[in-house]
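>>> I would like to see how this sequence folds:
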Amino acid sequence: MVAWDSAERITALIGCRWDWLNDGWLLVPAEARKGKRKDAAYRLAEDTIACLAALRTFSRGAEI
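Numbering: from 1, shown residues only. Just a heads-up that it's a prediction; the model follows:
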């Protein structure tokens, strides 16, 4: 769902961290993106946010 909302490359999404998610926005730092030049911010859909909240309940690490 995050890939659909953001159209970000899968390699950047695999390394997503919970601290990149804030108030329904996903901020992917330049270091995680292809080219490593600029950060990207994506507004996530309400359904995506709800699914991530459910996943976070079971997450033990910093990565999504």
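
>>> list the buried residues of the lengthiest helix in the chain.
When the chain is parsed with DSSP state H, its longest helix is helix 46-58. By neighbour count with 16 or more other Cβ atoms under 10 Å, helix 46-58 contains the buried residues 48, 49, 52. No exception for glycine: its C-beta is placed from N, CA and C like everyone else's.

>>> what do you get for stretch 26-34?
Buried, per 16+ other Cβ under 10 Å, within stretch 26-34: 26, 28, 32, 33.

>>> list the contacts of the last one.
Okay, so that is residue 33. Taking Cβ atoms under 8 Å, 6 or more residues apart in numbering, we find residue 33 in contact with 8, 9, 12, 39, 40.

>>> need the strands for the protein, in chain order.
21-22, 25-28, 40-43 (DSSP state E).

>>> can you add distance to residue 59 and mean pLDDT and give these back as CSV?
Shown next, in CSV, are the strands of the chain (distance: least, Cβ to Cβ, whole Å; pLDDT from 0 to 100):
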stretch, distance to residue 59, mean pLDDT
strand 21-22, 11, 94
strand 25-28, 15, 96
strand 40-43, 20, 97
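
>>> packed most tightly, which of the ones you listed would that be?
Among the strands of the chain, strand 25-28 has the highest mean neighbour count (mean count of other Cβ atoms under 10 Å), at a mean of 18.

>>> hmm, who's touching that strand?
2, 5-6, 8, 12-13, 16, 20-21, 39-44.

>>> kindly recompute the last result at 10 Å.
By Cβ atoms under 10 Å, 6 or more residues apart in numbering, the residues outside strand 25-28 that reach it are 2, 5-6, 8-9, 12-13, 15-17, 19-21, 38-44, 48-49, 52, 64.

>>> and stretch 4-24, by the same measure?
With contact meaning Cβ under 10 Å, 6+ apart, stretch 4-24 is reached by 2-3, 26-34, 39-49, 52-53, 55-56, 59, 61-64.

>>> give the buried residues for it.
6, 8, 12, 16, 20, 21.

>>> contact partners of stretch 39-56?
Contacts of stretch 39-56 (Cβ under 10 Å, 6+ apart): 1-8, 12, 16, 18, 20-33, 59, 64.

>>> redo that, cut-off 8 Å
Stretch 39-56 has contacts (Cβ under 8 Å, 6+ apart) with 1-2, 4-6, 8, 18, 21, 24-30, 33, 64.
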